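Enquirer: Sequence below, structure please.
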Amino acid sequence: IVRPNSNPWMRCAVSDFNNWQRLRSEFLESLVMALDSIRSHKLRSGLTLLGILIGVFSIIVVMTVLRVLDDNAASSLSQLGPHAFTVKRSPPFVFKGPSRSNRFWERKEITMKMGERLRERAELPLSVGMEDGFSSGVVRSRYAETNPDVNLRGVTPEIFSSRSWNIDGGRALTAADVDSARLVCVLGAGLAKRVFPNSQAVGDRITFEGLAYRVVGVLESKGKTLDDDQDNFMLVPLTTGLQRYSGYRRSINLLVQATGEVEYEDTVEEVRGLMRQLRKTPSGEEDDFEIVSNDILMKQFREVTFAVRAGIGLISSIALLAAGIGIMNIMLISVTERTKEIGLRRAIGARKSMVLSQFIMEAIILCLIGGIGGVVLGVASGNILSFVFKSPIVFPVDWMFYGLGICTLVGVVFGAYPAFKAANIDPIDALRHE
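Expert: Numbering: from 1, shown residues only. Here you go, the predicted structure:
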């Protein structure tokens, strides 16, 4: 029989087990005492954690709203088909003042002839399409009319595959429609349903700004994103639109589709080089056109929302700082009120570490209760937007953990001084305290 004390390894294991048991019991005791203290001062504790709740709520609600907007923007901005990009005269968003915006508008227009020459010379693209937006107005049929918000777009046949537009009824526009500038159109699904509520749209006629068009096709529905109806437009041959609105200075957009992901970058570079030749851009000067893809659009959108995140983060940090100072103040008051209790605990054998852990635990619990409340309210409030857009509910799990982690840090930092002060109270002086 080997006695425990005769084996050094056994003695070490027993000592470690005893230490772990002691730490566990001290932790549970500190936790119970912290909860009892919070429960006995409900009003004071509630007012203290309110500041934490507001700070965390402001962070979580904004991050939830931005996630909802981000998800909707991904589907709204990503209207190009796979491996497709657009060549435009100016960028889709300009955020650096009117002088920079004017510089883009001073660039030469991209013309239909330029697009045709690019199509002839380019070897890598699967297709090169052209499009332009001409006007917004009222569409009328013999059954109904719309609000003056229907977009008229001129396109070439290649645009349908570049934008992943599928035909639900009838046919798409053809090269013959473009060559002959025919008065035909393809309607978005929502528009077709409004102007032909109880009949077939294909083969019937509509009017737009006094000009009659024959409907040859209807697109499949794309739905709504960011409260914008993606089916509220009509497509006509690009040449028809250019003839109808010939008095306006126009610059069309070129939609290029690569054959695959591997060839995408080479296709972009080939198109960039050909466009510089067609526009006679001097060597060494920057491009006088923009190449825009889904990734670039989303990158610009996130650059805009980054400023919002930074601003809200700064405001929330100030709120959390103020809440942390409030917690420190309340904890100092609590230490003063419980001086005799602390002295009694020290007198019957409580170590400094036990008193220290009790008060730090109390500060952390206050912060976490406020943080959990802020997370729940923030996620619930932020997802109101998802119900408006009829999109899936968003849970910003990363920011939920960040928020709770920040709460814990605030509790440790601002609870440390009151806890240190409580742990270093002299037991004799504390017992004499009135």
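Enquirer: Go through the lengthiest strand in the chain and flag the buried ones.
Expert: Criterion DSSP state E: the longest strand present in the chain is strand 127-137. Of the residues in strand 127-137, 127, 128, 129, 130, 131, 132, 134, 137 count as buried by neighbour count, 16 or more other Cβ atoms under 10 Å. C-betas here are computed from N, CA, C, even on glycine.
Enquirer: can you check stretch 303-310 too?
Expert: Quick answer for stretch 303-310 (16+ other Cβ under 10 Å): residue 305.
Enquirer: gap between it and the chain center?
Expert: Distance, stretch centre to chain centre, for stretch 303-310: 10 Å (Cα atoms, centre = their mean, to the nearest Å).
Enquirer: that older thread, a markdown table for the buried residues of strand 127-137, including distance to residue 231?
Expert: Converted to a markdown table, the buried residues of strand 127-137 look like this (distance: Cβ to Cβ, whole Å):
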| residue | distance to residue 231 |
| --- | --- |
| 127 | 23 |
| 128 | 26 |
| 129 | 20 |
| 130 | 22 |
| 131 | 17 |
| 132 | 19 |
| 134 | 18 |
| 137 | 17 |
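Enquirer: Pick the one among those residues closest to residue 221.
Expert: Distance to residue 221 across those (Cβ to Cβ) is lowest for residue 131, with 20.0 Å.
Enquirer: Name the next helix or strand following the host helix or strand of residue 193 along the chain.
Expert: When elements are assigned from DSSP states H and E, residue 193 belongs to helix 189-195. Using DSSP H and E, the helix or strand that directly follows helix 189-195 along the chain is strand 205-208.
Enquirer: avg pLDDT for that following strand?
Expert: Regarding strand 205-208, the rounded mean pLDDT is 95.
Enquirer: Can you check my assumption that residue 235 lies in a strand?
Expert: Yes: the assignment for residue 235 by DSSP: H, G, I helix; E, B strand; the rest coil puts it in a strand.
Enquirer: Who does the closest residue to it other than its chain neighbours form a beta bridge with?
Expert: Spatial nearest neighbour of residue 235, excluding adjacent residues (Cβ to Cβ, 6 or more residues apart in numbering): residue 186 at 4.4 Å. On the basis of DSSP bridges, residue 186 is bridged to residue 217, residue 235.
Enquirer: Just the buried residues of the helix holding residue 193, please?
Expert: By neighbour count on 16+ other Cβ under 10 Å, the buried set for helix 189-195 is 189, 190, 191, 192, 193, 194, 195.
Enquirer: quick revisit: check which helices and strands the longest strand of the chain sits against.
Expert: helix 112-121, strand 150-155, helix 159-162, helix 238-244, strand 253-257 (3 or more Cβ pairs under 8 Å, 6 or more residues apart in numbering; DSSP states H and E).
Enquirer: Deepest-packed of these, please.
Expert: For those, the largest average neighbour count (mean count of other Cβ atoms under 10 Å) is found in strand 253-257, namely a mean of 25.
Enquirer: Give the pairing partners of that strand; include direction for each.
Expert: strand 84-88 (antiparallel), strand 127-137 (antiparallel).
Enquirer: pLDDT averaged over the lengthiest helix in the chain - what is it?
Expert: Identified as the longest helix of the chain according to DSSP state H is helix 294-337. Mean per-residue pLDDT for helix 294-337: 77.
Enquirer: and it, what does it pack onto?
Expert: In terms of contact count using 3+ Cβ pairs under 8 Å, 6+ apart, helix 294-337 is assigned the packing partners helix 42-77, helix 352-382, helix 397-423.
Enquirer: one step back: what about the residue nearest to residue 235, how many residues nearby?
Expert: Residue 186 sits with 29 neighbouring residues when counted by other Cβ atoms under 10 Å.
Enquirer: Pull stretch 44-53 out as PDB, backbone CA atoms only.
Expert: Extracted C-alpha coordinates of stretch 44-53, given in PDB (Å, rounded to 0.1, in the frame of the first residue of the first chain):
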ATOM      1  CA  ARG A  44     -29.600  51.300  -8.300                       C
ATOM      2  CA  SER A  45     -28.400  48.300 -10.300                       C
ATOM      3  CA  GLY A  46     -31.000  48.900 -13.000                       C
ATOM      4  CA  LEU A  47     -30.000  52.600 -13.400                       C
ATOM      5  CA  THR A  48     -26.300  51.600 -13.500                       C
ATOM      6  CA  LEU A  49     -26.600  48.900 -16.200                       C
ATOM      7  CA  LEU A  50     -28.900  51.200 -18.300                       C
ATOM      8  CA  GLY A  51     -25.900  53.100 -19.600                       C
ATOM      9  CA  ILE A  52     -24.200  49.800 -20.700                       C
ATOM     10  CA  LEU A  53     -27.500  48.700 -22.300                       C
END
